[in-house]
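Novice: Here's my sequence, what's the structure:
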Amino acid sequence: SSFKPKGPTNEVVKVVNGMKRRRLGGSDIVVSELGLGTQRWVSVDHNAPDEKLCFDFMDEAILKSGVNLLDTAEQYPIPSGIGSPEGSTEECIGKWLKERKGSVKREDVVIATKLQEDGMLTHETLRRTAREV
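Specialist: Here you go, the predicted structure:
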């Protein structure tokens, strides 16, 4: 099947609370001009933001300021460790979405994630994992 663009690349589709949202490529995915990075969230670093502060970040950015793009990865937080293993940042985001389900819909938040290649990453393992989730 051939790809049919939904609209021009980088087109401003709407403005939410003053934040421009643009078309990602020619897709129907629309992202805010600014995203919220999450690399150190809930990490073992002594001055990393804890879950409550991360919730405050998302409340301010997503609920009040029109941001809809979260940048994360399956190996976050960095640094990870006892009490804050890899995946804790994504769990924090999931908890926030669950607690705020009356205020924000999951489909209104774009979660950009990355995978660390560990030698086990293949098209088949990705498909199988996606089906299990």
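
Novice: Tell me how far stretch 25-33 lies from the chain's centre.
Specialist: Here stretch 25-33 is found 14 Å from its chain centre; the criterion is CA atoms, centre = their mean, to the nearest Å.

Novice: what's the answer for stretch 101-109, then?
Specialist: Relative to its parent chain, stretch 101-109 has a centroid offset of 12 Å by CA atoms, centre = their mean.

Novice: Show me the contact partners of it.
Specialist: For stretch 101-109, contacts defined as CB atoms under 8 Å, 6 or more residues apart in numbering pick out I62, L63, N68, L70, L97. In short, each C-beta sits where N, CA and C put it, glycine included.

Novice: Could you identify the most distant pair in the residues you listed?
Specialist: Using CB to CB, the contacts of stretch 101-109 reach their maximum pairwise distance at L63 and L70, which is 13.0 Å.

Novice: ok, those two, which is more surrounded?
Specialist: The neighbour comparison of L63 against L70 (other CB atoms under 10 Å) goes to L70, with 24 against 13.

Novice: Who does the more buried one form a beta bridge with?
Specialist: L70 has these beta-bridge partners by DSSP bridges: L36, I111.

Novice: can I assume it is in contact with I93?
Specialist: Yes. If you go by CB atoms under 8 Å, L70 and I93 touch, sitting 6.1 Å apart.
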